[in-house]
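S.K.: structure, please.
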Amino acid sequence: MDLPPTIPTSFVPNQGTAVSRVQEQKSTISGALSFIAYIIFVAVFAAAVGVFFYGQFLNNQKTAKNTELQNAEAKIDSATADSFIRLRDRIASSRTLLANHIAFSKFFSLLGSLMPTSVHFTQLHLSVNNDGTASVDGIGVAKNFNALAFTSTTFAKDGRIKDAIFSNIAVSPRDGSVSFSLSAKLDSKTITFSP
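M.R.: As a prediction, this is how the structure comes out:
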C-alpha cells in the first residue's frame, strides 16, 4: 500500500544546511591549524638536522686543525726554540740593566745648555743615594754676580736641577769674579740612560 505524500517516511528530523555549514567551518579551521603545525614541525626538523650537520662540520674542522698543529709542533727544532728563549731572556735582562743604568752624560749636556759661558765649575761631585735620587755638589767661579744670578734663575725655571742652593759666595777684589758653592738635587730623568 502506498503511503500518502503527507506522511513522512522517516522519524529522523532533517537538520538542514545550517549544521553542515558549521561542520565545514570547523573542518576548515582544523585543517588550517594542522597545516601550520606541519609547517612548524618541518621547520624545526630542518633546523635540528642543520645544527647536527653544522656540529659535524665543526668537529671535522677541529680535528683537522689539531692535526695541523701537531704536525707543526713536530717540525719545531727544540734547539732553535731554546735559542729563541735564551735570546728573549737576554733582551729582557738588557732592558732591565739599561733602565737602571746611571748615565751622567744627560746631566752634563743639561748643565752645558743652562749655564752661561761666564760660569764654570772647578770641582763637581755627583752622587746617587740608595733610594735612587741623585745630588750634585760643586765649587765654581762666575765672571760676575749677574752671571751667577742668571744661572740660579735658569736652574729654577728649568726644574730638572732642583733645590739649587748657592752658598759661600765671595767676590774676588782682584778681578770682580764670584766664587760659589752649589748643592742641588737632580731629577731622576737627568741621570737615567736612554738610547
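S.K.: tell me which element the most centrally placed residue in the chain falls in.
M.R.: Note on the chain: the residue nearest the mean C-alpha position is Ala92, at 19.8 Å, using C-alpha atoms, centre = their mean. According to DSSP states H and E, Ala92 maps onto helix 78-100.
S.K.: what does Phe45 give?
M.R.: helix 17-75.
S.K.: just the mean pLDDT for that helix, thanks.
M.R.: Helix 17-75 shows a mean pLDDT of 84.
S.K.: chain center to that helix: distance?
M.R.: Remark: helix 17-75 is offset 43 Å from the chain centroid, using C-alpha atoms, centre = their mean, to the nearest Å.
S.K.: again, but for stretch 117-131
M.R.: For stretch 117-131, the separation from the chain centroid amounts to 41 Å (computed by C-alpha atoms, centre = their mean).
S.K.: please renumber so the chain begins at 389
M.R.: I'll keep to 389 as the first residue from here, and by that count the last item is stretch 505-519.
S.K.: list the buried residues in it.
M.R.: Val507, Leu512 (16 or more other C-beta atoms under 10 Å). The way it works is simple: take the backbone N, C-alpha and C, and place the C-beta from them, glycine included.
S.K.: and the average pLDDT for the helix holding Ala480 is what?
M.R.: Here the average pLDDT along helix 466-488 is 87.
S.K.: which residues sit against the following helix or strand past it?
M.R.: Counting by DSSP H and E, the next helix or strand C-terminal to helix 466-488 is helix 493-502. Helix 493-502 has contacts (C-beta atoms under 8 Å, 6 or more residues apart in numbering) with 514, 524, 539, 542-543, 546, 548-549, 574, 577-580, 582.
S.K.: got these as CSV, with secondary structure, pLDDT and distance to His508 columns?
M.R.: What follows is these, written out as CSV (DSSP: H, G, I helix; E, B strand; the rest coil; pLDDT from 0 to 100; distance: C-beta to C-beta, whole Å):
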residue, secondary structure, pLDDT, distance to His508
Leu514, strand, 87, 16
Val524, strand, 88, 14
Thr539, helix, 88, 10
Thr542, helix, 89, 15
Phe543, helix, 86, 15
Asp546, helix, 85, 18
Arg548, coil, 84, 19
Ile549, strand, 85, 16
Leu574, strand, 85, 19
Lys577, helix, 77, 24
Thr578, helix, 78, 19
Ile579, coil, 78, 21
Thr580, strand, 75, 26
Ser582, coil, 69, 27
